[in-house]
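Participant: A predicted structure for the sequence below; I have some questions about it.
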Amino acid sequence: MCLFITAEIGINHNGDLKIAKELIDLAVEAGCDAVKFQKRTIDKVYTQEYLAGERISPWGTTQREQKEGLEFGLEEYQEIDRYCEEKGIEWFASAWDLDSQKFLQQFDLKYNKVASAMLVNDELLEEIANEKKYTFIATGMSTYDEIDHVVDIFKKYDCPFELMHCNSTYPMKEEDANLKVMYQLKERYGCKVGYSGHEEGNLVCTCAAAMGATSIERHITLDKTMYGSDQKASIEPRELKELVRTIREVEKILGTGEKLLSEAEQEVKAKLRG
């Protein structure tokens, strides 16, 4: 099975459906398997005090105006669902609260995603696991005890899952990647292990693919200079296309792991060994 590549649109659409479609087009053109968004119920995720705080953005001067400006509703997600079906690419989203997960249930999505920040939200984890859809679980900011707890929940519901090694800094420094943790996660939990990246450039994701990651998730943007907290930790169109191409080449190089002699090598063998 090929490594699963997800283009994380997240909130890099800046509340603009046209930008979201352009990012979907980019993912399709690059050869990604899926695109991912983020869904929040603003009044459930943030306190009223926080939302009343000052924040200058294209939508106003408060945190509430900024958060609401970035959030898609039912009409936008219905169009995203239709557009992705038309373009032949899967989409899913990471919910940041229970109401958002229930919102996503109205769509026929193949996958769920647990964001690193949500690994301690048992109510949300139980809801997701109970759906029994294949779930990608990011492990940024988490201890083994916390990951143990999440894995126990998903096993209790017999929900298929894949852990994703992750460092939750934006952008992450390459020297903080610590990719060998992927081996530890695979050994400890006996499951597939992918990588979710927030760094600049493609080197870390390429290394993760070479080390046997079963999935790669990468934030994408049309332009890193656009407004938004995730833009700088994202890759632009040229970078995404190059990343997907390189990952597919890495897969070919890694091969199947089965020891076989190719026809060309058989010919050399006959010549050198008589």
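Facilitator: That came through fine.

Participant: residues in contact with the residue nearest to the spatial centre of the chain?
Facilitator: Nearest residue to the geometric centre of the chain (C-alpha atoms, centre = their mean): Glu217, 3.6 Å. Residues counted as contacts of Glu217 (C-beta atoms under 8 Å, 6 or more residues apart in numbering) are 5-6, 8, 36, 136, 138, 164, 194-197. Placement of C-beta: from N, CA and C, glycine included.

Participant: change it to 7 Å
Facilitator: Going by C-beta atoms under 7 Å, 6 or more residues apart in numbering, Glu217 touches 6, 8, 36, 164, 194, 196.

Participant: same check, this time on Pro58
Facilitator: Pro58 neighbours (C-beta under 7 Å, 6+ apart): 69, 227.

Participant: same thing with Leu70?
Facilitator: By C-beta under 7 Å, 6+ apart, Leu70 lies in contact with 11, 14-15.

Participant: Next, give phi and psi for Phe37.
Facilitator: phi -120, psi -180 (degrees, to the nearest 10).

Participant: Not counting sequence-adjacent ones, nearest residue to it?
Facilitator: Nearest residue to Phe37, sequence neighbours excluded (C-beta to C-beta, 6 or more residues apart in numbering): Ala93, at 4.2 Å.

Participant: The host helix or strand of the one you found - what's its average pLDDT?
Facilitator: Per DSSP states H and E: Ala93 is located in strand 90-95. For strand 90-95, mean pLDDT rounds to 98.

Participant: Can you list the neighbours in contact with it?
Facilitator: The contact list for strand 90-95, computed with C-beta under 7 Å, 6+ apart, reads 33-39, 80, 84, 101, 104, 109-115, 124.

Participant: is it fair to say Ser229 lies in a helix?
Facilitator: No. Secondary structure assignment (DSSP: H, G, I helix; E, B strand; the rest coil) places Ser229 in coil, not in a helix.

Participant: Show me where this structure has its helices.
Facilitator: Applying DSSP state H to the chain gives helices spanning 17-30, 42-45, 48-51, 63-69, 74-87, 98-104, 122-131, 144-156, 181-189, 203-210, 237-254, 263-273.

Participant: okay if I get those helices as CSV plus distance to Ser57 and mean neighbour count?
Facilitator: Below are the helices of the chain laid out as CSV (distance: least, C-beta to C-beta, whole Å; neighbours: other C-beta atoms under 10 Å):
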stretch, distance to Ser57, mean neighbour count
helix 17-30, 15, 18
helix 42-45, 14, 15
helix 48-51, 13, 12
helix 63-69, 4, 18
helix 74-87, 19, 14
helix 98-104, 21, 18
helix 122-131, 27, 17
helix 144-156, 32, 15
helix 181-189, 35, 16
helix 203-210, 30, 20
helix 237-254, 25, 16
helix 263-273, 60, 9
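
Participant: With respect to Tyr227, which of these lies nearest?
Facilitator: Tyr227 sits nearest to helix 63-69 of all the helices of the chain, at 9.7 Å, using C-beta to C-beta.
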